[in-house]
Structures are given as structure tokens and as C-alpha cells.
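Novice: Generate a structure from the sequence data that follows.
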Amino acid sequence: MNPVLTLSVSNKSDLVVAAGMWGSILLDFFVKVSGFVEMNQGVVRRLPHVRDHLLEPELILRALRLNCLTQAYEPLWAELCNPAWIADFWTHDRTDRPGIGDVTPDWQWETPLRTDFDRRQALVEIDAITAVMLDVTAEELCTIYRTQFGVLCKYEKAMRFDANGRQVSGDVLKEYDKKGDRADLGRYVLPFTPVDREKDMTRAHEIFTERLRSRS
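Specialist: Coordinates of the predicted model:
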């Protein structure tokens, strides 16, 4: 396991790794419990950052697909694109979603993740990857989520996704609960599927831990 270092960005891949880790609930938790009232440079330098970790390709891919939303990111995408990504895969078991590694070296409209389900899944997997990088167990990760992120827990318990990966609005869910098949669902397509973030993070943590073990 590589040592945890404070951040000193020396290249673009380091910057994207840092951005990916900063998007995790673990880094959010570290900032929350630190008591800092302002996110200045001094605080950022104290945040953990892992260099040259064996799971770095997975973290970079997910961070880029979440953030490279416009063609302005084309140079960054082209520079960091890794042929190994084609072998990457989601940690969920749905077969109806495009693969996380279904990308090309050239930025295209499909390069960034644009559906709600896929973007949520990428964030869940970033949480798991960051935990593995920082030697945080799946149980510890779920405990942090459950005890420190009550609003997110409540939000996720009510969350439903339609057959096309869109997050269903609360009004439509209420309409469907009240009227069933007679409800006007608008653009949403049945079935509406719930999610379980603790289960999803645990599964992702197990898969990424196994990937790390196989590469070590």
C-alpha cells in the first residue's frame, strides 16, 4: 500500500485523483470533523492524498466521466485517457446500463455520464475506491455514512430510478403511489427501482479490494 501524502499537485493525473477523492464522503467527513470554518489552501494541504495507487486508473476514469461535461475538457480527456479502461466495469449487477469503460480516446457527447443512475453509481464507487486507498473498511465507510450524513441517508431512502436511469421526481412517485397504473408518469418509464447506498458501497468496496489484491 502506498503512503498517504498531503496534496502537492505536480501533474494533471494528480489533480484528477485529488478531485475524485475530494468528491467522496470520506473527505467530506474529514473536513466536517476537523472543525475548519473555511476551506483555504492550508486546509486543503492537510487533506489525505494517495500517489501512484494501483486503483488510480479506476478513480481517474470515474472522476473524468463525472466532470468532463463539455468539449472544453477534450484536451484533458485525451491526455489522461487510458487503454486499460476498456476492461473496467461497474460494480453493480445491472446489465441494461452502458459500461463505465465504454469510452473512446476522443471526447464525445457520450463521454461524460449524463444519466442520474450512472452518475450516482460513479459517486458510490468513488467512495469505495477512496476508502480502499485510505485503508478504511467497508463497515467503517458505512458507519460514517449512516452516522454523519443523515440528510443524504434520508434522501437516498426515498430515491427511485426509472428504466432509463432517470431519477423519478417526488411528485411523480406520489402520483404513482396514489393511482398506480392510472398515474401520469410523464417521461418516466416503469419499473421504478430503489437503491441501497450501504449495500452498494459494500459491494463496490469488496470488488475494488479484490482488484487491488490481484494487482499487488
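
Novice: Now do the residue of the chain most remote from its centre against Val172, distance only.
Specialist: Each residue of the chain has a distance to the centre, and by C-alpha atoms, centre = their mean the biggest one is for Arg182: 35.4 Å. Distance of Arg182 to Val172, given as C-beta to C-beta, to the nearest Å: 13 Å. (Glycine included, C-beta is placed from N, CA and C.)

Novice: ditto for Lys154
Specialist: Taking C-beta to C-beta, one finds Lys154 at 19 Å from Val172.

Novice: When the two are compared, which one has more neighbours?
Specialist: Val172 (18 against 10; other C-beta atoms under 10 Å).

Novice: Figure out the helix or strand that that one lives in.
Specialist: helix 170-179 (DSSP states H and E).

Novice: what's the domain layout of this structure?
Specialist: Domains of the chain are assigned by automatic domain parsing as 4-149+196-215, 160-194.

Novice: possible to save those as a markdown table with mean pLDDT?
Specialist: Listed next are the domains of the chain as a markdown table, based on pLDDT from 0 to 100:
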| stretch | mean pLDDT |
| --- | --- |
| domain 4-149+196-215 | 91 |
| domain 160-194 | 96 |
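
Novice: Tell me which of those domains sits most buried.
Specialist: Ranked by mean neighbour count, those are led by domain 4-149+196-215 with a mean of 17 (mean count of other C-beta atoms under 10 Å).

Novice: starting at the chain centroid, how far to that domain?
Specialist: 5 Å (C-alpha atoms, centre = their mean, to the nearest Å).
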